[in-house]
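[1] Give me the fold of what follows.
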Amino acid sequence: AARPVFVAGRGARHARRELEELAERTGALLATSAVAKGLFRGSPWDLDVSGGFATPLAAELIRGADLVVGWGCALNMWTTRHGSLIGPGAKVAQVDLDRDVTGRHVHADLGVVGDVAEVARALTGPGAARAGYRSPELAGRIRAEGRWRAVPYQDESGGGRIDPRTLTAGLDDLLPAERIVATDSGNFMGYPAMFLDVPDEQGFCFTQAFQAIGLGLATAIGAAVARPDRLPVAALGDGGAFMGIAELETVVRLGLPMVVVVYDDEAYGAEVHHFGPHGHPLETVRFPPADLAAIARGYGFAAVTVTRADDLAGVADWIEGPRDRPLLVHAKVTGERPAWWLEEAFKGH
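    Residues are numbered from 1 along each chain as shown. As a prediction, this is how the structure comes out:
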């Protein structure tokens, strides 16, 4: 292979060193599925997440690969954008403990049954290293374009609402780097997945299944209890927040120094943008305004309402303070456009 790309999934989260050594020998670029986000953080060849959350550069380079190797990764429709990230002439190999994974979602030319770390170690034998996909020029592009923060966009904040990209980038600047981010599902979920960096593969708790919403806060509580050394950040849509709102009491009772960010577009945004264009009635998926900050204070939270970037000063004050109470950030976000990753995802439905 002249342009190999490794895509590491949940089954590879224990094998960073082995995969990086093999990638160094073969000249491969490194990417992950969403559940393994952060695995290669700090590597100059890290493309971050493959699939719907991929940056334009990552999508370009993965699509240009002549070999894609899935390491402990199913290579499902989310990770490959319905197969469109696999170039027409590319070979595909999968390494997994489960024999049935091979070829389940995309055509695979080779399946290897085994532990990811052991297989990678066995393949990293003696011999000269190859440049493969790597070059000084490409390393420069990855530095300059390899994160969503570097992708230009038109800020659509206004009218008492903040662009969710501006919101999330601002939070990324303010929140301590040692964090664990847990997201609910919904139209908003790409923003924390794309714009909130995490320190490693233990920093992103992504438990999506069946596109169910309302489980994000409980997920974040579990992550906070499991990793008390990191700041827990729960990212919720307003619909999911209302479904799990009783768990705010749990956060206070357990004394968790959590930041809960609610992306409030006063709707089940995915349904509005997916069903609205087809003429379906939307009365039951749009909500009246609610003061989520006041509700959170009733549970014992500190709270700030954010409608513009300057309002994030309240988050900075909490971070600099004693953090003796959890913080809820009620972000009134713009909702006129569907999330671009969701448009891609819904192509298969």
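[2] which residues touch the residue nearest to residue 248 when sequence neighbours are not counted?
    Nearest residue to residue 248, sequence neighbours excluded (Cβ to Cβ, 6 or more residues apart in numbering): residue 299, at 4.1 Å. In this view, the C-beta of every residue, glycine as well, is placed from N, C-alpha and C. Going by Cβ atoms under 8 Å, 6 or more residues apart in numbering, residue 299 touches 248-249, 251-252.
[3] Filter those residues down to the buried ones.
    Using 16 or more other Cβ atoms under 10 Å as the burial test, these include 248, 251-252 as buried.
[4] Same list (those residues) but as JSON lines, adding pLDDT.
    Output for the buried ones among the contacts of residue 299, formatted as JSON lines (pLDDT from 0 to 100):
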{"residue": "248", "pLDDT": "98"}
{"residue": "251", "pLDDT": "98"}
{"residue": "252", "pLDDT": "98"}
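[5] Sort out which one of these lies nearest residue 180 for me.
    Checking the buried ones among the contacts of residue 299 against residue 180 by Cβ to Cβ gives residue 251 as the nearest, at 14.2 Å.
[6] That closest one should be in a helix, yeah?
    Yes - when DSSP: H, G, I helix; E, B strand; the rest coil is applied, residue 251 is found to be in a helix.
[7] show me where the stretch 201-349 of the chain has helices.
    Using DSSP state H, counting those that start in this stretch, the helices found in the stretch 201-349 of the chain span residues 216-226, 238-243, 247-253, 269-275, 292-299, 313-320, 340-345.
[8] Need the winner for burial among those helices.
    helix 238-243 (a mean of 23; mean count of other Cβ atoms under 10 Å).
[9] what helices or strands is it leaning on?
    Under the contact criterion of 3 or more Cβ pairs under 8 Å, 6 or more residues apart in numbering; DSSP states H and E, helix 238-243 touches helix 216-226, strand 259-264.
[10] Quickly find the element holding residue 47.
    In this assignment (DSSP states H and E), residue 47 forms part of strand 46-49.
[11] where in the protein is pLDDT low?
    Within the chain, the segments meeting pLDDT under 70 span 209-210, 345-349.
[12] rewinding a little: any chance of the buried ones among the contacts of residue 299 in CSV with distance to residue 306 as columns?
    Output for these, formatted as CSV (distance: Cβ to Cβ, whole Å):
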residue, distance to residue 306
248, 18
251, 19
252, 21
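[13] that older thread, and the helices and strands packed on helix 238-243 as CSV, adding distance to residue 30?
    Output for the helices and strands packed on helix 238-243, formatted as CSV (distance: least, Cβ to Cβ, whole Å):
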stretch, distance to residue 30
helix 216-226, 24
strand 259-264, 28
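[14] Out of the ones you listed, the one nearest residue 83 is which?
    Among the helices and strands packed on helix 238-243, helix 216-226 comes nearest to residue 83, with 28.5 Å by Cβ to Cβ.
[15] okay, that closest one in PDB with CA atoms only?
    C-alpha atoms of helix 216-226 as PDB (Å, rounded to 0.1, in the frame of the first residue of the first chain):
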ATOM      1  CA  GLY A 216     -26.800  11.500  28.200                       C
ATOM      2  CA  LEU A 217     -27.000  12.900  31.800                       C
ATOM      3  CA  ALA A 218     -27.100   9.400  33.400                       C
ATOM      4  CA  THR A 219     -24.100   8.500  31.100                       C
ATOM      5  CA  ALA A 220     -22.200  11.500  32.300                       C
ATOM      6  CA  ILE A 221     -22.900  10.700  36.000                       C
ATOM      7  CA  GLY A 222     -21.500   7.200  35.500                       C
ATOM      8  CA  ALA A 223     -18.400   8.600  33.800                       C
ATOM      9  CA  ALA A 224     -18.000  11.200  36.600                       C
ATOM     10  CA  VAL A 225     -18.100   8.500  39.300                       C
ATOM     11  CA  ALA A 226     -15.700   6.300  37.300                       C
END
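[16] tilt between that helix and strand 259-264?
    Between helix 216-226 and strand 259-264, the angle comes out at 170 degrees (axes from the mean of the first three to the mean of the last three Cα atoms, to 10 degrees).
[17] Output the contacting helices and strands for helix 216-226.
    If you count contacts as 3+ Cβ pairs under 8 Å, 6+ apart, helix 216-226 packs onto strand 179-183, strand 204-205, strand 231-237, helix 238-243, helix 247-253.
[18] Between those, which one is closest to residue 267.
    Using Cβ to Cβ, the helices and strands packed on helix 216-226 put helix 238-243 closest to residue 267, at 7.3 Å.
[19] Mind listing residues that contact stretch 222-236?
    For stretch 222-236, the external contacting residues (Cβ under 8 Å, 6+ apart) are 171, 175-176, 178-184, 188-189, 191-192, 196, 202-203, 205, 216-217, 219-221, 244, 251, 254, 256-263.
[20] This completes my enquiry, with thanks.
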